[in-house]
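Student: Here is my input; please provide its structure:
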Amino acid sequence: MPRISYVDPESLDDPADREILERARLHGTPRPESQAIRAHVPEILRTFSAYWNATFSDRHLDNRLKELCRLYVSKTVECNYCGGQRSEAARAQGLSEELVDEILLFEESDAFDEREKTALAYTRAIAWDPDLADDPLWERLHAHFDEAQIVELGSFVSLTAGAQRFVKTLDLGHREVLGDGAAGLASHAGRS
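Tutor: This next block holds a predicted model:
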């Protein structure tokens, strides 16, 4: 049982707010449960969703790369709820569970190319130790990404790192809101 109650999507007055939860059901990230918590404050639901869509959708970077970074945060934060989610768009772009299984060892793994390793190293610096964003990492970033891509990646990682820490405290479970939606669930999906 979550530590904060879920808002019933049908109780939301604004059709746009109900649509946000429906999108979560269809696309997988973020999932309906975390959005139903944010719905206690509709302005937060809308603002979070707008920021998420601006940074996570395919814009300057593909969804698969950002999903790898999100999952790195999930594994290092140890949020089982967050780690049990998968972006349907990233799956369509070739994200595999075998790759996800190697994510904590990204630097030593041959499964990741240099661009992915650079993005994951930047994710680690943002999420855990900003001092890791030293000159050599910035040289790698500029070799693989343009400045708009770096801004998008950094903005997304900072959003997901904070959101996942919050969600981990809530003890959310999958399929507890709009339970017919299996989009975005990994086979091992669990509680936060």
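Student: shaky segments in the protein?
Tutor: 58, 180-192 (pLDDT under 70).
Student: so what's the residue most central in space within it closest to, chain neighbours aside?
Tutor: Ranked by distance to the mean C-alpha position of the chain (C-alpha atoms, centre = their mean), the top residue is residue 70 at 4.2 Å. Nearest residue to residue 70, sequence neighbours excluded (C-beta to C-beta, 6 or more residues apart in numbering): residue 160, at 4.9 Å. Any C-beta I mention is one placed from the backbone N, CA and C, and that applies to glycine too.
Student: Need the phi and psi values for the closest residue in space to residue 148 that isn't next to it in sequence.
Tutor: Of all residues not flanking residue 148 in the chain, residue 60 sits nearest, at 4.8 Å (C-beta to C-beta, 6+ apart). Backbone torsions for residue 60, taken as degrees, to the nearest 10, come to phi -90, psi -30.
Student: who's in contact with residue 60?
Tutor: 146, 148-149, 152 (C-beta atoms under 8 Å, 6 or more residues apart in numbering).
Student: Give me the helices and strands touching the helix or strand containing residue 47, please.
Tutor: Using DSSP states H and E, residue 47 sits in helix 42-56. Contact analysis of helix 42-56 by 3 or more C-beta pairs under 8 Å, 6 or more residues apart in numbering; DSSP states H and E lists helix 15-27, helix 32-38, helix 63-77, helix 147-168 as its packing neighbours.
Student: Figure out how far the longest one is from the centre of its chain.
Tutor: This points to helix 147-168. With C-alpha atoms, centre = their mean, to the nearest Å as the basis, helix 147-168 stands 8 Å off its chain's centre.
Student: The first one too?
Tutor: Counting by C-alpha atoms, centre = their mean, helix 15-27 is centred 17 Å from the centre of its parent chain.
Student: Against which helices or strands is it packed?
Tutor: Helices and strands touching helix 15-27, by 3+ C-beta pairs under 8 Å, 6+ apart, are helix 32-38, helix 42-56, helix 88-92.
Student: Could you say which of these is packed most deeply?
Tutor: Most buried of those by mean neighbour count (mean count of other C-beta atoms under 10 Å) is helix 32-38; its value is a mean of 25.
Student: Which secondary structure elements does it sit against?
Tutor: Counting contacts by 3+ C-beta pairs under 8 Å, 6+ apart, helix 32-38 is packed against helix 15-27, helix 42-56.
Student: Any chance you could list what contacts it?
Tutor: Contacts for helix 32-38 (C-beta under 8 Å, 6+ apart): 2, 4, 6-9, 20-21, 24-25, 44-45, 48-49, 81, 163, 167, 170, 172-174, 176-178, 181.
Student: neighbours of the residue nearest to residue 70, just the number please.
Tutor: 29 (other C-beta atoms under 10 Å).
Student: residue contacts, it?
Tutor: Contacts of residue 160 by C-beta under 8 Å, 6+ apart are 69-70, 73.
Student: got it, and residue 127?
Tutor: 72-73, 76-77, 157, 161.
Student: Could you do residue 152 as well?
Tutor: Per C-beta under 8 Å, 6+ apart, neighbours of residue 152: 55, 59-61.
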